[in-house]
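1. coordinates only, sequence not included:
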Ligand code: SAH
């Protein structure tokens, strides 16, 4: 193995939220690999090949990255947000483990600003006490697991961040998630629907669980649910530092 792989996070969207080390790594890359909209964020230049692939082919994409690196390339695998949060970093390590010829791969993971932290900052400090992050997609785990984690997180009074809340292929599950939360937390709990965070068309919609509807979320939305002490001050939402 003569090349190397960097798995980097491009942040939530705004260019100033790309870290300097990720920017430098992209400037040195010979090949950039990732999901189409993320690769589109990388400026083309001489000496750089862009490999954009469709959604849900993470292991193929990871294997492609490992093969290019084995052949001597400086490969950058791009994710949005942070590459370790419901993104490509785990996929590359899974592919490495499954294929012995890649055992010696040199891999660097570079963090990025994940959607929930950018959303929390835009809203105030809703994740200021203990919190958890849950991917609501059931592509890679059964829905029963998601439902169980929602109930237990609510029971433990965690604030929560939900990624991939609602897609066209599974339109009903997010409504079910809201029902579970209403059952466990009551109707007054604050919920923030943060869409296109950090981009010019960012929207933040803060409602109570009683007011929340499934249509308020799509795949460009990260949903934050407060704990039992989360409250508003002025136009901000925050969670106090001490346990309720
Ligand atoms: N690795 C990414 C998450 C990828 S999963 C990260 O760390 O942010 C994709 C999900 O992330 C989307 O469905 C949405 O829930 C969330 N997301 C990513 N960028 C976002 C943004 N700018 N605004 C709101 N949600 C975003």
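-> Noted; the coordinates are in hand. Computed from a prediction, not measured in an experiment: that's the story for all the values here.
2. wait, isn't residue 75 in contact with residue 28?
-> No. Using CB atoms under 8 Å, residue 75 is not in contact with residue 28, being 10.8 Å away. C-beta here means a position set from N, CA and C on the backbone, and glycine is covered the same way.
3. The two: who's more crowded?
-> residue 75 (28 against 11; other CB atoms under 10 Å).
4. Around the ligand, pick out the residues from the chain.
-> By CB under 6 Å from any ligand atom, the part of the chain that sits against the ligand consists of 12-13, 79-82, 85-87, 114-115, 163-165, 194-198, 219-222.
5. What is the neighbour count of the closest residue to residue 76 other than its chain neighbours?
-> The shortest distance from residue 76 to any non-neighbouring residue, by CB to CB, 6 or more residues apart in numbering, is to residue 29 (4.2 Å). Residue 29: 23 surrounding residues under other CB under 10 Å.
6. returning to that earlier point: emit the PyMOL select command for whichever of the residues of the chain next to the ligand are buried.
-> Here is the PyMOL selection string for the buried members of the residues of the chain next to the ligand, based on 16 or more other CB atoms under 10 Å:
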select buried, resi 12+13+79+80+81+82+85+86+87+114+115+163+164+165+194+195+197+198+221+222
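7. contacting residues around the residue in the chain that the ligand sits nearest to?
-> As assessed by CB to the nearest ligand atom, the ligand sits closest to residue 81 within the chain, at 2.0 Å. The neighbours of residue 81, taking CB atoms under 8 Å, 6 or more residues apart in numbering as the test, are 9-12, 87, 112-115, 118.
8. Farthest-apart pair in those, please.
-> 87 and 118 (14.5 Å; CB to CB).
9. burial of residue 47, as a residue count?
-> Residues near residue 47, counting by other CB under 10 Å, number 8.
10. Hmm, residue 30 and it touching each other?
-> Yes. Counting by CB under 8 Å, residue 30 is a contact partner of residue 47 at 6.5 Å.
11. Residue 5 looks like it's in a helix, true?
-> No. Assigned with DSSP: H, G, I helix; E, B strand; the rest coil, residue 5 falls outside any helix and is strand.
12. what sits against the closest residue to the residue of the chain closest to the ligand other than its chain neighbours?
-> Leaving aside its sequence neighbours, residue 81 sits nearest to residue 114 (CB to CB, 6+ apart; 4.2 Å). By CB under 8 Å, 6+ apart, residue 114 lies in contact with 9, 12, 81-82, 85.
13. change it to 6 Å
-> Residue 114 sits next to 81-82, 85 when contact means CB atoms under 6 Å, 6 or more residues apart in numbering.
14. Same check on residue 39?
-> 32, 50, 52.
15. Most neighbours of all these, which one?
-> Highest count within those by other CB under 10 Å belongs to residue 32, 25 neighbours.
16. isn't that residue right next to residue 53, touching?
-> No. Using CB atoms under 6 Å, residue 32 is not in contact with residue 53; the gap is 11.3 Å.
17. List the buried residues in whichever helix or strand residue 146 is part of.
-> Using DSSP states H and E, residue 146 maps to helix 143-155. Buried residues in helix 143-155, counted by 16+ other CB under 10 Å: 146-147, 149-150, 153-154.
18. How about stretch 218-235?
-> So for stretch 218-235, counting by 16+ other CB under 10 Å, buried means 221-227, 229-230.
19. can you check stretch 190-206 too?
-> Within stretch 190-206, the residues scored as buried using 16+ other CB under 10 Å are 190-195, 197-198, 202, 204, 206.
20. Give me the contacts around that stretch.
-> 12-14, 17, 118-119, 122-123, 207, 209, 212, 216-217, 220-226, 230, 237.
21. which ones among these are found in strands?
-> Judged by DSSP state E, these include 207, 221-225, 237 as members of strands.
22. Can I take it that residue 8 is in a strand?
-> Yes. Residue 8: assigned to a strand according to three-state DSSP.
23. can you list the domains in this structure?
-> As assigned by automatic domain parsing, the chain contains the domains 4-113, 116-238.
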